[in-house]
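Asks: Dropping the sequence and predicted coords here.
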Amino acid sequence: MTTIEEKSINALRILAADAIQKANSGHPGLPLGAAPMVFELFSKYLNFSYKNPYWTNRDRFILSAGHGSALLYGINHLFGCGLSVDDIKNFRQLGSKTPGHPEYKHTPFVEATTGPLGAGIGMAVGMAMAQAHLASIFNKPDFPVVDNYTYVLCGDGCMMEGISSEAFSIAGNLKLDKLIVLYDSNKITIEGSTDLTFTEDVKKRMEAFGFQTLTVHDGNNLENIAQAIEQAKAEKSKPSFITVKTQIGYGCPAKQGKASSHGEPLGAENIMQLRKTLCWEYDEPFFVPRDVYEFCEKIANEKAKKEKLWNELFKEYCIKYPEMKILWEKYHSDIDKDKLLNDKEFWECDDTPCATRTSSGNILNKIKKYIPNLIGGSADLGPSNKTYLKDESDFSADNYSGKNIHYGVREQAMASIANGMTLYGGIKTYAATFFVFSDYLKPMARLSSLMELPVTYIFTHDSIGVGEDGPTHQPVEQLAMLRSMPNFITYRPADATETAAGWYIALTSKKTPVGLILTRQNIEQCNSSDKNGALKGAYIIDKEQKQKPDAIIIATGSEVEPAILAKKELLKEGYDLRVVSMPSMELFDMQTDEYKEFVLPSSVRKRIAIESLSSFGWDKYTGLDGMTITMDKFGESAPAKVLFEKYGFSVDNIVKRIRKIL
């Protein structure tokens, strides 16, 4: 380690400690211990351009242990990547660029929002998968236009979370050799030594997953860290896992190696001792010596040249392969919304009864011609989800060009990987499972929403219509859960036309993930369903005959058909009702006040919501004078028709219930 390198690393440590102390909040332990490996990675190996945080062929660095954000912000600052010293001083303050955990699109050069431990691991695997796929499509001899590494820094907490096993298992199976994991092994968590709960042999675990495993026994030894990274890059048949043994809170005598350094400021006295231990001769908080800035600036300028070289390479590539230039532009462009909206084939459907999962599968295979970069898969449920792309091969270690991903039974990693693939760019992806298992992936779907990633989630087997598998597989509260999430669109279509509308929303969304909630069982096609109304989230699917309806029925999905039939029965008794199909509350709430009043006039207070899921959330539409016919208990194991009858979703029961309100 040269003197200037050591000085730069200690500058990182001091910046982190000062920022956390000023904020009186944060996690100094990881930055103090992991600063050497991060500096070595950024200064010698990570390809990036400080001038352009979104250079296509940059290496990706994901801080899965997001609580160590002060370290990431410090390295960003030293290499001139968009953060000033004032930004560092405003760590964790309202409106600052330096929030408590890294947030995508909020801070320059933050590749992913990493708060929940382990989430960054899954997203890193997704980025490595995207890189492998795009490289297989676009790279030509002498033109490696997609050629970058994905590095992820994780800690003991990340390794304990189950998502790490799910994601690493997939990565090993796929032999993603451009994925390199740096494991900050300091053997400390908030509660104390990891020996309390975490005594597994991590190296053997990672070997079992199919990783090359390397160990750096001294986290301050830059030469050994460099050797490990070189070995990892030299391995061309598997991903690499580098255990770097560090001391949490390094350099602070009273805190080093102790849990107390993990998640609280060091304290003014301890920061003074830290400066002495590190031989840091500057007492002024946030001070960085000029020679450190100059050293890092020189490195950053050299790295920026790589973007220029890549731009020249890509220009030559486009000249030699003009057809690939056109394809590249398609991969990196949004779908033509108007063309899709007016495409008859996309909206075409027949009149035969059909499960909306089947309609979705048909549509999915239609849209391949619009979206050449469509790639996705299911959590070992492709035949049931109808999510397999016909005439396309499988994505595997032997075929990265495949477009059908087999995720295995790993919902949480699947969603995180979908996020990572979307973050990488050039990919339009979807992920699928049974709706009840949205519980497994919800934390990662939440990150989709938070990062404004338009991932498409396909949730099939949407109700007690699952039938004989029983209450463990019959969703009840899941739709209310997803509807409560900001920036997430749920869409439960009533037939093939509405299913196409849901897919249109998903394919054209730029900042919002969409969940398609689809039936297992066949349902009738609604003759009066309307794509234009369906795109607005709710519309009048069966209009009243009088000037003003006696009541309004609001239904979704498989309950729209019995709602229309119930209306017909009540009309025989002299009651004239309006039926509204509401596949998406979120989309309807986005409409103008005039449109919402047109569909649900405030003068009609008698309203009935029908949905074979929880009543939670329906009161904002039904009001004080309304009622719900919903599923507010767990189901049973029986055929679907029997269950719909038992729990009140037959036409006869709907008529009886509505009579009471009329």
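Replies: Sure, I can see it. Because the structure is predicted, anything quoted here is derived from the model rather than measured.

Asks: Please parse this protein into its domains.
Replies: Segmentation of the chain into domains, based on automatic domain parsing, reads 3-304, 337-517, 531-661.

Asks: Out of those domains, flag the one nearest Trp328.
Replies: domain 3-304 (6.5 Å; Cβ to Cβ). All C-beta atoms are positioned from the backbone trio N, CA, C, and that covers glycine.

Asks: That closest one: how far from the chain's middle?
Replies: 21 Å (Cα atoms, centre = their mean, to the nearest Å).

Asks: Skip the chain neighbours and tell me the closest residue to Phe39.
Replies: Spatial nearest neighbour of Phe39, excluding adjacent residues (Cβ to Cβ, 6 or more residues apart in numbering): Ile9 at 4.9 Å.

Asks: The one you found contacts Ala35, correct?
Replies: Yes: counting by Cβ atoms under 8 Å, Ala35 is a contact partner of Ile9 at 4.9 Å.

Asks: More neighbours: which of these two?
Replies: Ala35 (28 against 23; other Cβ atoms under 10 Å).

Asks: The more buried one belongs to a helix?
Replies: Yes: judged by DSSP: H, G, I helix; E, B strand; the rest coil, Ala35 forms part of a helix.

Asks: With Asn220 as the reference, measure out to it.
Replies: 9 Å (Cβ to Cβ, to the nearest Å).

Asks: who touches both of the two?
Replies: The contact sets of Ala35 and Asn220 overlap at Tyr250 (Cβ atoms under 8 Å, 6 or more residues apart in numbering).

Asks: between the domains of the chain, which one is nearest to Lys325?
Replies: If we rank the domains of the chain by Cβ to Cβ, the stretch that ends up nearest is domain 3-304, at 10.0 Å.

Asks: elements contacting the helix or strand where Glu586 lies?
Replies: Taking DSSP states H and E as the definition, Glu586 sits inside helix 585-589. With contacts defined as 3 or more Cβ pairs under 8 Å, 6 or more residues apart in numbering; DSSP states H and E, the packing partners of helix 585-589 are strand 489-491, helix 593-599.

Asks: same question for the next helix or strand after the shortest one, mean pLDDT?
Replies: It stands for strand 489-491. The helix or strand immediately downstream of strand 489-491 is helix 496-508, counting by DSSP H and E. For helix 496-508, the mean pLDDT works out to 98.

Asks: Now helix 496-508 - C-alpha only, CSV.
Replies: What follows is helix 496-508, C-alpha atoms only, in CSV (Å, rounded to 0.1, in the frame of the first residue of the first chain):
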residue,chain,number,x,y,z
ALA,A,496,-59.7,-11.5,-22.7
THR,A,497,-60.3,-7.9,-23.8
GLU,A,498,-59.5,-6.6,-20.3
THR,A,499,-56.5,-8.9,-20.1
ALA,A,500,-55.1,-7.3,-23.3
ALA,A,501,-55.8,-3.9,-21.7
GLY,A,502,-53.8,-4.9,-18.6
TRP,A,503,-50.9,-6.0,-20.8
TYR,A,504,-51.1,-2.7,-22.7
ILE,A,505,-50.7,-0.9,-19.4
ALA,A,506,-47.8,-3.1,-18.4
LEU,A,507,-46.0,-2.8,-21.7
THR,A,508,-46.3,1.0,-22.0
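
Asks: List the contacts of it.
Replies: Against helix 496-508 from outside (Cβ under 8 Å, 6+ apart): 334-335, 337, 340-341, 346-347, 349-350, 354, 356, 359-360, 362-364, 367, 370-371, 428, 430, 454, 456, 489, 491, 493, 514, 516, 518, 525-526, 529-531, 534-535, 581, 583-584, 587.

Asks: can you pull the contacts of Lys632?
Replies: To be clear, residue 632 is Asp; Lys isn't right here. Asp632 touches Val476, Ser614, Ser615, counting by Cβ under 8 Å, 6+ apart.

Asks: now with 10 Å?
Replies: Val476, Glu477, Leu613, Ser614, Ser615, Phe616, Tyr647 (Cβ atoms under 10 Å, 6 or more residues apart in numbering).

Asks: secondary structure class for it?
Replies: Of the three states, Asp632 takes coil under three-state DSSP.

Asks: still on that earlier bit, how far off centre is the helix holding Glu586?
Replies: Distance, centroid of helix 585-589 to centroid of chain: 22 Å (Cα atoms, centre = their mean).

Asks: Go ahead and confirm Ile489 touches Leu535.
Replies: No: counting by Cβ atoms under 10 Å, Ile489 does not reach Leu535; the two are 11.5 Å apart.

Asks: Residues in contact with both of the two, list them for me.
Replies: Common neighbours of Ile489 and Leu535 (Cβ under 10 Å, 6+ apart) are Gly502, Ile505, Pro583, Ser584, Leu587.

Asks: okay, how far is it across stretch 249-258, tip to tip?
Replies: With Cα to Cα, to the nearest Å as the measure, stretch 249-258 spans 7 Å from end to end.

Asks: for that stretch, which positions count as buried?
Replies: Gly249, Tyr250, Gly251, Cys252, Lys255, Gln256, Gly257, Lys258 (16 or more other Cβ atoms under 10 Å).

Asks: what's the answer for stretch 201-219, then?
Replies: Buried, per 16+ other Cβ under 10 Å, within stretch 201-219: Val202, Lys203, Arg205, Met206, Phe209, Gly210, Phe211, Gln212, Thr213, Leu214, Val216, Gly219.

Asks: Any chance of the backbone angles for the fourth one?
Replies: What it means is Met206. phi -70, psi -30 (degrees, to the nearest 10).

Asks: With Lys175 as the reference, measure out to it.
Replies: Met206 is 14 Å from Lys175, by Cβ to Cβ.

Asks: Going along the chain, name the strands of the stretch 101-250 of the chain.
Replies: Here the stretch 101-250 of the chain has its strands, by DSSP state E, counting those that start in this stretch, at 150-155, 179-185, 188-189, 192-193, 212-216, 240-245.

Asks: repeat for the stretch 401-550 of the chain
Replies: 404-406, 428-434, 456-460, 489-491, 514-517, 539-542.

Asks: CSV please, covering these and showing mean neighbour count and mean pLDDT.
Replies: Formatted as CSV, those follow (neighbours: other Cβ atoms under 10 Å; pLDDT from 0 to 100):
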stretch, mean neighbour count, mean pLDDT
strand 404-406, 21, 98
strand 428-434, 26, 98
strand 456-460, 27, 98
strand 489-491, 27, 98
strand 514-517, 28, 98
strand 539-542, 22, 98
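
Asks: got the ones you listed as TSV, with distance to Lys442 columns?
Replies: Shown next, in TSV, are the strands of the stretch 401-550 of the chain (distance: least, Cβ to Cβ, whole Å):
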stretch	distance to Lys442
strand 404-406	20
strand 428-434	11
strand 456-460	10
strand 489-491	12
strand 514-517	10
strand 539-542	29
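
Asks: out of those strands, nearest to Thr277?
Replies: Minimum separation from Thr277 across those (Cβ to Cβ) falls at strand 428-434, 47.8 Å.

Asks: Who does that closest one pair with, and is each partner parallel or antiparallel?
Replies: strand 374-378 (parallel), strand 456-460 (parallel) (DSSP bridges).

Asks: which residue ranges form the helices in the stretch 401-550 of the chain?
Replies: Taking DSSP state H, counting those that start in this stretch, the helices of the stretch 401-550 of the chain run over residues 411-424, 438-451, 478-483, 496-508, 531-534.

Asks: ok, and which of those has the densest surroundings?
Replies: Highest mean neighbour count among the helices of the stretch 401-550 of the chain (mean count of other Cβ atoms under 10 Å): helix 411-424, with a mean of 29.
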